[in-house]
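*Asks:* for reference, the sequence and a predicted model appear below.
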Amino acid sequence: MIAIYPGSFDPITLGHLDVIERGCRLFEQVIVVVFQNPNKKPLFPVQQRIEQIRRSTQHLPNLEVDSFDGLTVTYARMRQANVLLRGLRVVSDFEMELQMAHTNKTLAEDIETIFLATSTEHSFLSSSVVKEIARFGGPVDHLVPQAVAIDIYQCYAKTPIASAPTAAELPSPMEVPRTDHPKETPPV
């Protein structure tokens, strides 16, 4: 059975990778399909996202990466796929994903949507969160595959690659000195 895992993957995160790896254990073949989302301004062009996914998934022999501009169900039919694979992080994802699944069912009732709950450690993670952290110079190497982190650091050029802090190098919240000391009230 062939499963399609569609998304914009801008960039691919460890949460995406978790769903991909688990999907590869469940299905004979998984095809990760990079779609261009017309409502978003991408950080990386489609071809670069495809290469990032390929580099991050070399260890998965039953995985293919492709791109398509059109309806997901159209692509699934072209590839004779029976399943659309989707990841769910939080309850708010469910409403949108369920609406999309119902819509796809009206377009192709022979194609099923299967939801995988994202692993707990990645439940907060989204491509948007990664981009926001990187935009302000924060470390993202603990959120995305290493090669993708390098691409992100180069793209934003806020943190030089050689000195980009890793999550382990950042001080814990308990170690950060407070700068919001209450001001002393002047004597009357």
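*Replies:* Structure received. Bear in mind the structure is a predicted one, so any value in this text is a computation, not a measurement.

*Asks:* centre of the chain versus stretch 125-132, how much separation?
*Replies:* In this view, stretch 125-132 has its centroid 8 Å away from the chain centroid, taken as C-alpha atoms, centre = their mean, to the nearest Å.

*Asks:* mind listing what's buried in it?
*Replies:* Residues of stretch 125-132 classed as buried: 125-127, 130-131 (neighbour count, 16 or more other C-beta atoms under 10 Å). For every residue, glycine as well, the C-beta is placed using N, CA and C.

*Asks:* and for stretch 30-50?
*Replies:* For stretch 30-50, a neighbour-count test (16+ other C-beta under 10 Å) marks 30-35, 42-44, 46, 48-50 as buried.

*Asks:* from one end of it to the other, what's the distance?
*Replies:* Start and end residues of stretch 30-50 are separated by 14 Å (C-alpha to C-alpha, to the nearest Å).

*Asks:* pLDDT on it, on average?
*Replies:* Mean pLDDT, computed over stretch 30-50, is 91.

*Asks:* so which elements touch the lowest-mean-pLDDT helix or strand in the chain?
*Replies:* Least confident helix or strand, the chain: helix 91-107 with a mean of 89, by mean pLDDT, DSSP states H and E. Contact partners of helix 91-107 among helices and strands, from 3 or more C-beta pairs under 8 Å, 6 or more residues apart in numbering; DSSP states H and E: helix 72-78, strand 83-88, strand 112-117.
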